[in-house]
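Colleague: no letters, just coordinates:
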């Protein structure tokens, strides 16, 4: 297996940008994924703070592989304000251009008490509109197998792509989300692999109080098999660690990230890739 671009979601290593770039540097990687800086989403940073982020990454020679938005994520519902999502997307257009990435992570809206058919109808309508707007902004939306209508169901994810019918919508596959949502990630990836443009790497197993997250290769997410499947299908995108060892954004456990856990997860991923190459 040839070595793909390796990256990580920065705030998993610590809240401040200095923490994030230091952890990436410790791994000797040259790519990062951005979600929050100083606890603030990238779209919510004021112009001065964002310009400092972009300048710092450029100075360090770090490429941004993706920006993780809140559009359709676990903090929202399908009955919430769609205008907020459109504004976030509008803000991220020039910011992604400044960071040198076209990729924006989205999800597909947890239900807000609607009947299933109406939930589906509204999700498809919203994501179709988001993809059309993304095309105008020069962005590509990456739908993650996480919260929302299409998050844990391969057929729904394919229906989402078909409904949008746009090059501005592709899939983000997270190896560990099946552990959290009760499905086989490898089985889902088998159905979706040709549509995957970006990958999050995490691993875990069922625990007493929910998923017990581990470094890649030590849980039940079949990370090695997922990597083999991606390679066999010619995957060319990045592998971005989201270990959740000390930060679980949508959990009561919360956390603030840890450089030690982040680096351990990165080294474990490198080991899996090295073993696959031998």
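Modeller: Structure's in. What do you need? None of these values were measured; they are calculated from a predicted model.
Colleague: how long is stretch 68-86 end to end?
Modeller: With CA to CA, to the nearest Å as the measure, the first residue of stretch 68-86 is 15 Å from its last.
Colleague: residues of that stretch that come out buried?
Modeller: 68-74, 76-78, 82, 85 (16 or more other CB atoms under 10 Å). Where C-beta positions appear, they are placed from N, C-alpha and C, glycine not excepted.
Colleague: hang on, residue 89 packs against residue 136?
Modeller: No. Assessed by CB atoms under 8 Å, residue 89 is found out of contact with residue 136, at 9.6 Å.
Colleague: neighbour-wise, which of the two wins?
Modeller: residue 89 (23 against 11; other CB atoms under 10 Å).
Colleague: how about the nearest residue to that one once chain neighbours are set aside, secondary structure?
Modeller: Sequence neighbours aside, residue 133 is the residue nearest to residue 89 in space, at 5.6 Å (criterion: CB to CB, 6 or more residues apart in numbering). Of the three states, residue 133 takes helix under DSSP: H, G, I helix; E, B strand; the rest coil.
Colleague: in stretch 147-166, what counts as buried?
Modeller: 147-154, 156-157, 159-161, 163-164, 166.
Colleague: which of these fall within strands?
Modeller: Counted as lying in strands by DSSP state E, out of the buried residues of stretch 147-166, are 147-148.
Colleague: select, from the buried residues of stretch 147-166, the two members most distant in space.
Modeller: Greatest spacing in the buried residues of stretch 147-166, by CB to CB: 152 and 166 (22.6 Å).
Colleague: tell me what residue 212 is bridged to.
Modeller: Listed beta-bridge partners, residue 212: residue 205 (assigned using DSSP bridges).
Colleague: ok, it touching residue 218?
Modeller: No. Look at residue 212 against residue 218 with CB under 8 Å: they stay out of range, at 10.2 Å.
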